[in-house]
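Asker: Attaching a predicted model along with its sequence, questions to come.
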Amino acid sequence: MKLIKPYARHLMFVAALISGASLPLMANTQSSEAIEATQKVNIAGRQRMLSQRITMIACFM
C-alpha cells in the first residue's frame with residue numbers, strides 16, 4: 001500500500017469539510033422546495049373546492 005503524501009491528506013480533509021458543510025445548504029434548499037410544492041398543492045385544493053361549490057350553486061339555481 002502506498003503512503004499518501006502529507007499534502008494529499010490535508011487536501012482530502014479539506015474536501016471532506018467542504019462537502020460536509022454543503023449538506024445543510026442542500027437540505028435547506030430541498031425543504032424550501034418541499035414547502036413550495038406543499039403550498040401549490042394547497043392552492044390547487046382550494047381552487048378545486050371553489051369550483052365544486054360554484055357548480056353546486058349553479059345546479060341548485
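Answerer: That came in fine, so what should we check first?
Asker: so where's this protein shaky on pLDDT?
Answerer: By pLDDT under 70, the low-scoring segments of the chain are 1-7, 9-10, 17, 20-30.
Asker: all helices for it, in order.
Answerer: Along the chain, counting by DSSP state H, helices occupy 6-59.
Asker: how many other residues sit next to Thr55?
Answerer: Counted with other C-beta atoms under 10 Å, residues neighbouring Thr55 total 10. For every residue, glycine as well, the C-beta is placed using N, CA and C.
Asker: Distance-wise, check it relative to Ile35.
Answerer: Thr55 sits at a distance of 31 Å from Ile35 (criterion: C-beta to C-beta, to the nearest Å).
Asker: what do you get for Cys59?
Answerer: According to C-beta to C-beta, Cys59 and Ile35 sit 37 Å apart.
Asker: Compare the two and say which is more crowded by neighbours.
Answerer: Counted by other C-beta under 10 Å, Cys59 and Ile35 do not tie: Ile35 has more neighbours, with 10 against 7.
Asker: Torsion angles phi and psi at Phe60?
Answerer: Main-chain torsions, Phe60, degrees, to the nearest 10: phi -90, psi 0.
Asker: contacting residues for it?
Answerer: By C-beta atoms under 8 Å, 6 or more residues apart in numbering, Phe60 lies in contact with nothing.
Asker: what do you get for Thr55?
Answerer: Neighbours of Thr55 in contact, by C-beta under 8 Å, 6+ apart: none.
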